[in-house]
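Undergrad: Sequence and predicted structure below; questions after.
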Amino acid sequence: METAQSTLPKEEMLLAKFEEKTAAGEAIEPRDWMPEAYRKHLIRQMSQHAHSEVIGMQPEGNWVTRAPSLRARQILLAKIQDEGGHGLYLYSAAETLGITRDEMIQQLHSGKAKYSNIFNYPSLTWADIGAIGWLVDGAAIVNQVSLQRTSYAPYSRAMVRICKEESFHQRQGYEIMATMMKGTAEQREMAQDAMNRWWWPSLMMFGPHDTDSPHSADAFRWKIKRHTNDELRQKFIDKTVQQAELIGLTVPDKDLRWNEAKQGYDYGKIDWEEFNRVINGHGPCNKQRLSHHIRVHNEGAWVREAAEAYKQKQKNN
Ligand code: BYC
């Protein structure tokens, strides 16, 4: 017997099934039919996410040789290695959508693909490594915990694994900040200065306010996003302000107030002009980050060629 759906043209029928599935909260696997716009949306977001993980290794790498102890250096090295691994899971997950890693890297190098605003700021002192772990990984976790339930199954599976590792990163950063706040006046000042410089860019990591977020409507319809940019930003602020107070750091926002009615903090205006400048290539370190990536990628060409030659040899044996 014919159902109402089967009288529709094939493409419309597939779309109706897809929408039904995502609305019911079911996961989409790579072999499932999906609309082109869903595929493109995911490639954009997942490749941006992968690039962020890899570019994010640079500000941290800046401190490997200057870490204050062997323990701190070992932990930092392990963290940076984790970020490279996160990039790999995400590139692999994005490849299931029919784009190659080479294409994604080309889009990064040409400026077509973005990466997180946050990695265009310099890491000036050891306290910045604390602030990156605590605030930047802290913000990333809030976003990524929500993405564990995203509708595209390979992305969701990558997020589960990444979140486990990120929670160590957040604690590593908080430990650095807490230790510095128990130190000399100079060390406390250094920690506060890092907090002042990283706080606002960390809030920008969640993207523009919901009213100015062009991709959110599709992301919600297809359950790529489960929470809005503003909901996640609020969650991050509420948990982080308390952590700051506990170790004696001041949040650099004169408008920050507890709002009893909403059971959350009200906060000051975010400088969206700065955000737009930074994501459009004019932040303090954009040129440096990208040219470093291009140089190292080109220097590594022989590794890719050797791996490819080995693969061919195995095939022919
Ligand atoms: N930075 O419509 P919207 C880490 C762009 S790394 C740059 O709200 P969407 C770590 C956006 O792309 C973790 N650009 O977009 C690594 C769009 O422009 P296009 C990184 C941003 O996608 C190493 C436009 O603004 N995490 O943890 O619905 C060391 C309009 O925005 C940003 C992720 O990547 C930004 N912050 O929502 C330490 C999470 N925000 O593409 C730590 C995955 C917005 O039209 N991504 N834009 O040119 C997401 O969840 C979402 O893509 C966002 C934005 C919430 C970021």
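TA: Received, thanks.
Undergrad: May I have the residues that are in contact with Ala67?
TA: Arg73, Leu76, Trp126, Ile129 (C-beta atoms under 8 Å, 6 or more residues apart in numbering). In this view, the C-beta of every residue, glycine as well, is placed from N, C-alpha and C.
Undergrad: Compare the residues you listed and tell me which is most surrounded.
TA: Ile129 (27 neighbours; other C-beta atoms under 10 Å).
Undergrad: could you check the distance from the residue of the chain found nearest the ligand over to His293?
TA: Nearest residue of the chain to the ligand (C-beta to the nearest ligand atom) works out as Gly56 at 2.3 Å. Per C-beta to C-beta, to the nearest Å, Gly56 is found 11 Å from His293.
Undergrad: now Arg44
TA: From Arg44 over to His293 (counting by C-beta to C-beta), the distance is 19 Å.
Undergrad: which of those two has more neighbours?
TA: His293 (19 against 16).
Undergrad: nearest residue to that one other than its sequence neighbours?
TA: Closest residue to His293 apart from its sequence neighbours, by C-beta to C-beta, 6 or more residues apart in numbering: Ile55 at 6.4 Å.
Undergrad: go on, Asp255?
TA: Using C-beta to C-beta, 6+ apart, the nearest residue to Asp255 is Gly268, at 3.6 Å.
Undergrad: Spell out the secondary structure type for that neighbour.
TA: coil (DSSP: H, G, I helix; E, B strand; the rest coil).
Undergrad: so it sits right up against Arg257, yeah?
TA: No: distance between Gly268 and Arg257: 9.8 Å, which falls outside the contact criterion (C-beta atoms under 8 Å).
Undergrad: how about Ile55, what does it touch?
TA: By C-beta under 8 Å, 6+ apart, the neighbours of Ile55 are Tyr115, Ser116, Phe119, Arg289, His293.
Undergrad: Tell me the confidence at it?
TA: pLDDT recorded at Ile55 is 98.
Undergrad: got the buried residues for stretch 144-156?
TA: Under the neighbour-count criterion of 16 or more other C-beta atoms under 10 Å, stretch 144-156 has Gln144, Val145, Ser146, Leu147, Gln148, Thr150, Ser151, Tyr152, Ala153, Pro154, Tyr155, Ser156 buried.
Undergrad: Not counting that stretch itself, show me its contacts.
TA: By C-beta under 8 Å, 6+ apart, stretch 144-156 touches 22, 25-30, 42, 46, 90, 92-93, 96, 159-160, 162-163, 166, 222-227, 232.
Undergrad: hmm, back to that, am I right that the residue of the chain closest to the ligand is in contact with Tyr121?
TA: No: in this structure Gly56 lies outside contact range of Tyr121 using C-beta under 8 Å: 11.2 Å.
Undergrad: In the stretch 151-300 of the chain, mark out all the helices, start to finish.
TA: 153-181, 185-204, 216-221, 229-246, 272-277, 286-299 (DSSP state H, counting those that start in this stretch).
Undergrad: Throw those into TSV and include mean pLDDT and distance to the ligand, thanks.
TA: Listed next are those as TSV, based on pLDDT from 0 to 100; distance: least, C-beta to the nearest ligand atom, whole Å:
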stretch	mean pLDDT	distance to the ligand
helix 153-181	95	7
helix 185-204	98	6
helix 216-221	95	5
helix 229-246	98	5
helix 272-277	98	7
helix 286-299	98	11
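Undergrad: Can you check which of those helices gets nearest to Ser69?
TA: helix 153-181 (10.4 Å; C-beta to C-beta).
Undergrad: sorry, back to before: looking at Gly268 and Arg257, which has the bigger crowd around it?
TA: The neighbour comparison of Gly268 against Arg257 (other C-beta under 10 Å) goes to Gly268, with 14 against 11.
Undergrad: circling back: spatially nearest residue to the residue of the chain closest to the ligand (excluding sequence neighbours)?
TA: Gly56 sits nearest to Phe119 (C-beta to C-beta, 6+ apart), 5.0 Å away.
Undergrad: ok, now Ser202?
TA: That would be Leu135: by C-beta to C-beta, 6+ apart, it lies 4.3 Å from Ser202.
Undergrad: contacting residues for the one you found?
TA: Gly173, Met195, Trp198, Trp199, Ser202, Thr240.
Undergrad: One more: Trp258?
TA: Gly264, Tyr265, Asp266.
Undergrad: Mind giving me the ChimeraX select for these, buried ones only?
TA: Buried members of those, defined by 16+ other C-beta under 10 Å, are picked up in ChimeraX with:
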select :265
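Undergrad: Was I right to think Asp210 contacts Ala219?
TA: No: look at Asp210 against Ala219 with C-beta under 8 Å: they stay out of range, at 11.1 Å.
Undergrad: More neighbours: which of the two?
TA: Just comparing Asp210 and Ala219: by other C-beta under 10 Å the higher neighbour count belongs to Ala219, 21 against 12.
Undergrad: Give me the spatial nearest neighbour of the more buried one, chain neighbours excluded.
TA: Lys225 (3.9 Å).
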